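1. Based on what follows, work out the 3D shape:
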Amino acid sequence: GRVSVRHRVPLSPAMDAQARLTRPRVAMRTALAERALSESDILATTIASTGIVTPEGKVLKSIVPGWTGLDLRAELPEAYGEVTFGNDIRVAIMGESWIGAAQGCHTVVHLHAGLRIGTAFLVDGASPLGAHGAAGEMGPRDGRAVTKAYARLVDAPELHDDAALRIDPSPVFAAAVAGTPDAVEAVGAFSRTLAKAIIGVVVAVDPQVVVVGGGLSVVDGLATDPIREYLADWCTFEPKVKASALGEDAVAMGAIRLALDSVEAKMFSDPQAANQA
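-> Sure thing, here's the model as predicted:
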């Protein structure tokens, strides 16, 4: 988990698909250049994307404009070594389980709330995809309820999924941390709505811990306490509820863990590959 080199490039909700696709290319080239590495030095790459993503890299569904239907493998041929694809929240949960808030836990529910809202889960260390890659995703009804709660949180009279991408809730979270009463109340109400939306997943998975990630993680107990209280009334065994320990790094660290998994699987199954490595 030691970070050797890090490079970030900004994204804007207004960007079209092709503009967004230039960013990982820039990030990969810059990271390699900073360490004077070549493409042949890289054993594995993980590409994590918003939306429902197949293991082959096809985006089946996404609220990001122009993203649904993309073939990430074809669009990003610059990816190096053994390439793994996944939904970003599913990838983030791997990071939290590895070196984050769920370290040492193998059955986990991850709740991401910030510019986007979504869920993912691990069962015995694996992230089941389901028939369409949508296992653990909020259904339309719960999604609408959460969107309405999000609109109240950011004080927007009407909000649709794509509009949510353009509104940053961090000022509300910062005000809640500072103790502003209205913000504290808004965060608590939003957290309870999220808990209600994910209760089906939590009851089905029976997790050791529920990790709250995204921007909501910065308010810690103001979000986790209402979620914990709601789950306590529904779960046979009440799970721990923790704020993310990795924050914005959760997806990147989960991506590294998945890349390591692919390398280790090859090394341990192929002695010749292990000797070459």
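
2. those helices in the stretch 1-150 of the chain, which residues are they?
-> 17-34, 72-75, 88-99, 140-153 (DSSP state H, counting those that start in this stretch).

3. what's the first one in contact with?
-> Helix 17-34 has contacts (Cβ atoms under 8 Å, 6 or more residues apart in numbering) with 5-11, 38-39, 41-42, 45, 47, 64-67, 70, 75-76, 78-80. Bear in mind the C-beta positions are built from the backbone N, C-alpha and C, glycine included.

4. those strands in the stretch 1-150 of the chain, which residues are they?
-> For the stretch 1-150 of the chain, the strands defined by DSSP state E, counting those that start in this stretch occupy 44-49, 52-53, 59-61, 82-87, 108-113, 117-122.

5. Serialize those to a markdown table and add fields for mean neighbour count.
-> Listed next are the strands of the stretch 1-150 of the chain as a markdown table, based on neighbours: other Cβ atoms under 10 Å:
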| stretch | mean neighbour count |
| --- | --- |
| strand 44-49 | 22 |
| strand 52-53 | 24 |
| strand 59-61 | 17 |
| strand 82-87 | 21 |
| strand 108-113 | 28 |
| strand 117-122 | 25 |
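
6. of all those strands, which lies closest to S244?
-> In terms of Cβ to Cβ, the element of these nearest to S244 is strand 108-113, at 8.3 Å.

7. List the strands paired with the closest one, with their directions.
-> Strand pairing for strand 108-113, using DSSP bridges, gives strand 117-122 (antiparallel), strand 209-213 (parallel).

8. Need the ones you listed in CSV (columns: mean pLDDT).
-> Formatted as CSV, the strands paired with strand 108-113 follow (pLDDT from 0 to 100):
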stretch, mean pLDDT
strand 117-122, 90
strand 209-213, 95
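
9. Could you save the ones you listed as JSON lines and add columns showing distance to S191?
-> Formatted as JSON lines, these follow (distance: least, Cβ to Cβ, whole Å):
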{"stretch": "strand 117-122", "distance to S191": "12"}
{"stretch": "strand 209-213", "distance to S191": "8"}
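
10. I'd like to know which of those is closest to G104.
-> Using Cβ to Cβ, the strands paired with strand 108-113 put strand 209-213 closest to G104, at 9.7 Å.

11. Work out which residue lies at the spatial centre of the chain.
-> Residue closest to the mean C-alpha point of the chain, counted by Cα atoms, centre = their mean, is I89 at 2.1 Å.

12. Counting neighbours, what do you get for R6?
-> 10 (other Cβ atoms under 10 Å).

13. Write the ChimeraX selection for whichever of the contacts of helix 17-34 are buried.
-> Buried members of these, defined by 16 or more other Cβ atoms under 10 Å, are picked up in ChimeraX with:
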select :42,45,47,64,67,70,75,76,79,80
